[in-house]
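Sequence isn't available, so here's the structure alone:
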């Protein structure tokens, strides 16, 4: 009987559990809008600021756009721009 009570307690705890993320993963998925580009930029910005203590200056955000383009390796008509980085980091 004690085993059933234990299983019941575990089941109730599992139903109440709300998963959450922190750090760069939490930053990446904080918005309801799903976009690999914006999620990557949020995670990248969080990693630079919170983990490595960078200040996101214009040159660094321009470099982030270049790195994102290399990471995604998308066709020429799809591009991550400085403006994309600036707008997304501004929301964080």
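Sure, I can see it. The shown structure was predicted, so the numbers you read here are calculated from the model rather than taken from an experiment.

who are the neighbours in contact with residue 88?
Counting by Cβ atoms under 8 Å, 6 or more residues apart in numbering, residue 88 touches 38, 41, 42, 45. For the C-beta atoms, the positions are set from N, CA and C on the backbone; glycine is no exception.

go with 7 Å
Residues near residue 88 by Cβ atoms under 7 Å, 6 or more residues apart in numbering: 38, 41, 42.

which of those has the most neighbours?
Using other Cβ atoms under 10 Å as the neighbour test, the contacts of residue 88 are led by residue 41, with 26 neighbours.

Show the secondary-structure elements that the host helix or strand of it is packed against.
Assigned by DSSP states H and E, residue 41 belongs to helix 36-46. If you count contacts as 3 or more Cβ pairs under 7 Å, 6 or more residues apart in numbering; DSSP states H and E, helix 36-46 packs onto helix 23-28, helix 58-72, helix 82-91.

Residue 37 against residue 80, yeah?
Yes: counting by Cβ atoms under 7 Å, residue 37 does reach residue 80; the two are 6.0 Å apart.

What does the pLDDT read for the closest residue in space to residue 64 that isn't next to it in sequence?
Among residues not flanking residue 64 along the chain, residue 85 sits closest, at 4.9 Å (Cβ to Cβ, 6 or more residues apart in numbering). Reading off the confidence values, residue 85 has pLDDT 93.

what about residue 85, how many neighbours?
Applying other Cβ under 10 Å, I find that residue 85 has 26 neighbouring residues.

and if you look at residue 78?
The local packing of residue 78 (other Cβ under 10 Å) involves 10 other residues.

before we move on, the earlier item: the helix holding residue 41: which residues count as buried?
Neighbour-count burial for helix 36-46, counted by 16 or more other Cβ atoms under 10 Å, picks out 37, 38, 39, 40, 41, 42, 43, 44, 45, 46.
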